[in-house]
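**Student:** coords please:
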Amino acid sequence: MALTVLCLSFLVMLLLGVPVAFSIGLACIATFVVEGLPFGTPFQMMISGMNVFSFLAIPFFIFSGELMLHGGIADKIVNFARSLVGHMRGGLGLANVMACTLFGGVSGSPVADTSAMGGVMIPIMKREGYSAEYAVNVTTHASLTGALMPTSHNMIIYAFAAQTATGVIGSHVIKGVSIGDLMFAGLIPVFWIMTCMLSAAYYQAVKFGFPKRADGTSMIEKFPGWGTVLRTFVAAVPGLGVVAIILFCIMKGITTATEAAAIAVTYSLFLTIVIYRTMNREKLLKALAKASRTTGVVLLLIGVSNMLGWQMAWLEIPETISKMLLSMTHTPWLMLLYINILQVALGIFLDMAAHILITTPLFLPLAISMGVGPVQFGMMLLLNCALGLVHPPVGTVQFVGCAIGEVSVGQVMKTVWPYYLAIWTAIQLVTYVPTFSTWLPSIINGHFVM
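**Tutor:** Residues are numbered from 1 along each chain as shown. Next up, the predicted model:
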């Protein structure tokens, strides 16, 4: 009865358009009432879920990304990418992929990446002979790399959700997950995705003859010279330095992830105010307001998801799902395929933070029993969540891109398959080739990572 109330009330509120955080919280409260549990318990769970020191990294990373966004870093990254590959067939598309990947490392957010790069690149691409569908698809899918970058606050959320994970894989004892390991684990998948996106963008540019004028003739830029490439690179390096600072501090053990995030904010303020001098009072207030709103939403989701996690443990939902999947198969590769399919399906309807918080306690114990460590599973989960961001009917990132490009989602989806294929290949490599995500953190951090 309690499980029925929990699931039905959550689904009904989602269908009515109630925000995900409130849907989760109200569904949990309704279930507590039905079970006759103390009414103060869910609120205690919510407060304890948010009252975690390491969560200070979340507002810091979000604020750092907003400072970079409003401080004009995006323009310098675009100029560098365009000078490097803008003269090739589909050059603006290739430059867009590179710029989105680089800015994803600065912002740590696919939505912020799409907003920043899309606002700059999509109108330019439309004006210079590229279709709106092509411009939107290139931008939205390349922006997904922000979910795997060291500045991603979603990694912090996953580390929290996975902190109680325990188990044994071979001779290795699993106890939670290291944020430092996660930050390095995403770098090779990001490089793979960027390479695949470049290939997809070039393929479609050749196929459709982009860029082209209204009369069908080609309009390809001239290479500006290596001197211009060097100048634009030097201008972009300080903005990209925030990624290097975070990785260096964590790799050398100088700071924790929370302290590194605070350093990132200080560096971003210094860079945009003193070095570039692009930050003014109005932009700073906008960055503060946006970071505050985003942080509030994320922390509320964390609080209600902790409430939901307690409720699921009380109702033994993870054990039930594990038994159901194990009744279907005991073959590890097939079990992981089922998990990926379920993750993609859930990612269509859930926001990324909510997705991570809800599904980690459901699937991580099962993945560990199949020989998949928490770092490898984290990369699987983040990629599946990212894919959901560009898939209707929710698809937050895709809707942002379509709004900027002034094109319908239905029109964009007609030519989306090469970009989906790029993300899907990355998911399969992370799932079935463990070293694809664990080799780099194992080498850099000097211990075996799973």
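
**Student:** how much space between I179 and V274?
**Tutor:** 29 Å (Cβ to Cβ, to the nearest Å). Bear in mind the C-beta positions are built from the backbone N, C-alpha and C, glycine included.

**Student:** ugh, wrong one, C249
**Tutor:** 21 Å.

**Student:** in terms of neighbours, single out the busier of these two.
**Tutor:** Between C249 and V274, counting by other Cβ atoms under 10 Å, C249 is the more crowded of the two (19 against 9).

**Student:** tell me the confidence at the more buried one?
**Tutor:** We have a pLDDT of 81 for C249.

**Student:** can you check the one 3 residues further on too?
**Tutor:** The confidence metric pLDDT takes the value 74 at K252.

**Student:** tally of neighbours for it?
**Tutor:** Using other Cβ under 10 Å: K252 sits among 8 other residues.

**Student:** ok, now I263?
**Tutor:** Neighbours of I263 (other Cβ under 10 Å): 18.

**Student:** cool, A112 as well?
**Tutor:** A112: 25 neighbours (other Cβ under 10 Å).

**Student:** if I look at it, how far off is G86?
**Tutor:** For A112 relative to G86 (Cβ to Cβ), the value is 24 Å.

**Student:** tell me where the model's unsure across the stretch 51-200 of the chain.
**Tutor:** By pLDDT under 70, the low-scoring segments of the stretch 51-200 of the chain are 54.

**Student:** the helix or strand containing T140 packs against which elements?
**Tutor:** In the assignment (DSSP states H and E), T140 maps to helix 132-142. Using 3 or more Cβ pairs under 8 Å, 6 or more residues apart in numbering; DSSP states H and E, the elements in contact with helix 132-142 are helix 91-107, helix 110-127, helix 187-208, helix 396-405, helix 409-413, helix 417-432.

**Student:** hey, C-alpha coordinates of the next helix or strand after that helix in PDB?
**Tutor:** Counting by DSSP H and E, the next helix or strand C-terminal to helix 132-142 is helix 153-161. C-alpha atoms of helix 153-161 as PDB (Å, rounded to 0.1, in the frame of the first residue of the first chain):
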ATOM      1  CA  HIS A 153      28.700  19.900  -9.300                       C
ATOM      2  CA  ASN A 154      26.800  16.700 -10.400                       C
ATOM      3  CA  MET A 155      30.000  14.800  -9.500                       C
ATOM      4  CA  ILE A 156      29.700  16.100  -5.900                       C
ATOM      5  CA  ILE A 157      26.100  15.000  -5.800                       C
ATOM      6  CA  TYR A 158      27.000  11.500  -7.000                       C
ATOM      7  CA  ALA A 159      29.800  11.200  -4.500                       C
ATOM      8  CA  PHE A 160      27.300  12.000  -1.800                       C
ATOM      9  CA  ALA A 161      24.800   9.600  -3.100                       C
END
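
**Student:** pairing partners for the very next helix or strand once past helix 153-161, with directions?
**Tutor:** The first helix or strand that comes after helix 153-161 along the chain, using DSSP H and E, is strand 166-169. Here strand 166-169 is paired, per DSSP bridges, with strand 172-175 (antiparallel).

**Student:** contacting residues around the strand it pairs with?
**Tutor:** 165-168, 368, 373-374, 448, 450 (Cβ atoms under 8 Å, 6 or more residues apart in numbering).

**Student:** also stretch 366-374?
**Tutor:** Applying Cβ under 8 Å, 6+ apart, the contact partners of stretch 366-374 are 162, 165-167, 169-170, 172, 174, 176-177, 321-322, 325-326, 332, 335-336, 339, 364, 377, 380, 431, 434, 438, 449-450.

**Student:** 7 Å - rerun?
**Tutor:** 162, 165, 167, 169, 174, 177, 322, 325, 332, 335-336, 339, 364, 377, 450 (Cβ atoms under 7 Å, 6 or more residues apart in numbering).
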